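Q: Sequence first, predicted model second:
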Amino acid sequence: MSESHQVLFRKYRPQFFQDVIYQDLAVNSLTNAFKTKKIGHAYIFIGPRGVGKTTIARILAKRLNCENPNGVEPCNVCLSCQEITKGISNDVFEIDAASNSGVDNVRDLRENVKFNAMGGKYRVYILDEVHMLSGAAFNALLKTLEEPPPHVVFILATTEYHKIPETILSRCQDFTFRKVPVAVLQQYIETIAKKENLKYDSEGLFWIAKKGDGSVRDTLSFMEQAVVFTDGNLTGIKLRKMIGYHGIEGFKEFLNALLDSSQSANLFQKLEHYFEEGLDLNKFLWDFIEFLNSLLLIRDNLAERESINIPQEDLQNLKTEYRAVDPEVIILLSERLFLVHEKMNQMKLRSSYEVKVYLEIQFRKLLMEREKPSVSGLLTKLSEITKLIQTDFNQMEPSHTKQESIPKETIKPKPDMEKFIMETFAATDADPDQFKNL
Ligand SMILES: [Zn+2]
């Protein structure tokens, strides 16, 4: 991520606990710690990138050293708060463990923690990407965590929990940070769009939030790029163009061509058209697979799920439009295309032309198979045949032996059947009794 795309992120980085979005677990636990005056000496923040770990660590550091705290919040006005905001505090150390991963770095740190805080009350060490520390460095860190000086607070942050030794984890209070859902991000960037006087529509913000993939930082970074690309006009039409999304119309035409043989020609025209337009056909295929999967989710009323890649506006239309389509057909189609996509990636095709030719062949195969009896057709036939056999078998039974009210286990085989079984299995090692209750 380039520096120039962090303006919004920096500008809107929360300075109070109450401004952090979606990480209630960590925020509530930390603010309660201030209420009950039970501040821990070591915390570990676990979670994906860009969801607020460092932000919360800084707010915590500020509140710890604030000269005029307002309840659980720092004042953000005093000298200590201002120095921390600017990153020039002598009591708050942000260390990137990725580039300070050796044991010597941690030894230096151990020497450093002995000194008392200069301006504030606490020396706060924020160790980012702490999983990058070497084994020896972790051991050295452990010694400090076992007997932390009273004026020191450690905040370890990591995206890879499983790489942290159990001994370290057992010394820390751990907080799990979660990816932020699209709807929450969308709402959040709407407040920013308003403050920045940007033009936008709901779909435009949806695509920005979607692109952020649960990370506030990535969302704002992409929003920054989108502002430049769309000249401050964050509409669905412009954003679709920016991310190379062709709208659901193209997918619908594709699906209709696959379902209805009279429309097959459309499919190849469309593919040719996309190729000429320079569209990434590999991505198109993947988006189409996602579209099919979304149809199934919409059908099961799971459209609110995060994985749905379709703006809210289109969901209801799709549900109505494809109500009559057999879900089994969509499942089979998705599975086949998934395999095509996977194979295509393994083949490492050299040019977009090769991708187009390969896709044409695969779609032709799919259309050919459509003319054969479908699996769903076969299943229906099988179940019909099974019913027929059962009916025939029931008719063979004399009506007076039907004793439906008696449990199955207590029904003895009819004498003639017993005789038949005995004769049939007489020459084998099989125990004829085992077939009695079948
Ligand atoms: Zn303050």
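A: Now that the structure is in, tell me what you want to look at.

Q: so where's the stretch 1-150 of the chain shaky on pLDDT?
A: Scanning the stretch 1-150 of the chain for pLDDT under 70 picks out 1-6, 120.

Q: Break down it into its helices, ranges please.
A: 7-11, 24-35, 53-65, 79-86, 103-112, 135-146 (DSSP state H, counting those that start in this stretch).

Q: If you count contacts, what does the first one end up packed against?
A: Contacting helix 7-11 under the criterion 3 or more C-beta pairs under 8 Å, 6 or more residues apart in numbering; DSSP states H and E are the following elements: helix 216-230. From N, CA and C alone the C-beta is placed, and that goes for glycine too.

Q: Residues in contact with the helix it packs on: which ones?
A: With C-beta atoms under 8 Å, 6 or more residues apart in numbering as the test, helix 216-230 has contacts from 1, 4-9, 12, 21, 49-52, 180, 185, 188-189, 192, 196, 198, 204, 208-209, 211-212, 234, 238-239, 242.

Q: if you set the cut-off to 7 Å instead, what comes out?
A: 1, 5-9, 12, 21, 49-52, 180, 185, 189, 198, 208-209, 211-212, 234, 238-239, 242 (C-beta atoms under 7 Å, 6 or more residues apart in numbering).

Q: what angle sits between that helix and helix 53-65?
A: For helix 216-230 against helix 53-65, the angle by axes from the mean of the first three to the mean of the last three C-alpha atoms, to 10 degrees is 120 degrees.

Q: Check which element follows helix 216-230 along the chain.
A: Note on helix 216-230: by DSSP states H and E, the next helix or strand toward the C-terminus is strand 233-234.

Q: Which other helices and strands does that next one contact?
A: strand 199-200, helix 202-211 (3 or more C-beta pairs under 7 Å, 6 or more residues apart in numbering; DSSP states H and E).

Q: residues from the stretch 1-150 of the chain in reach of the ion?
A: 66, 74-75, 78, 81 (C-beta under 5 Å from the ion).

Q: Among these, which one has the most neighbours?
A: residue 74 (26 neighbours; other C-beta atoms under 10 Å).

Q: From residue 266, how far off is that residue?
A: For residue 74, the distance to residue 266 (C-beta to C-beta, to the nearest Å) stands at 61 Å.

Q: Distance to residue 251 added to the helices of the stretch 1-150 of the chain, as a markdown table?
A: Shown next, in a markdown table, are the helices of the stretch 1-150 of the chain (distance: least, C-beta to C-beta, whole Å):
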| stretch | distance to residue 251 |
| --- | --- |
| helix 7-11 | 32 |
| helix 24-35 | 37 |
| helix 53-65 | 37 |
| helix 79-86 | 47 |
| helix 103-112 | 52 |
| helix 135-146 | 49 |
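
Q: deepest of those helices, which one?
A: Highest mean neighbour count among these (mean count of other C-beta atoms under 10 Å): helix 53-65, with a mean of 25.

Q: helices or strands up against that helix?
A: For helix 53-65, the packing partners by 3+ C-beta pairs under 7 Å, 6+ apart are helix 24-35, strand 42-46, helix 79-86, strand 123-128, strand 152-158.

Q: Please state the offset of that helix from the chain centre?
A: 27 Å (C-alpha atoms, centre = their mean, to the nearest Å).

Q: Residue ranges of each domain in this protein, please.
A: 23-176, 186-242, 247-371, 409-438 (automatic domain parsing).

Q: Just say helix, strand or coil for residue 285.
A: In three-state terms, and counting by DSSP: H, G, I helix; E, B strand; the rest coil, residue 285 is helix.

Q: right, and the helices of the stretch 1-150 of the chain - which one's nearest residue 342?
A: Closest to residue 342 of the helices of the stretch 1-150 of the chain is helix 53-65 (C-beta to C-beta; 34.5 Å).

Q: Okay, residue 151 and residue 117: tell me how far apart.
A: 5 Å.
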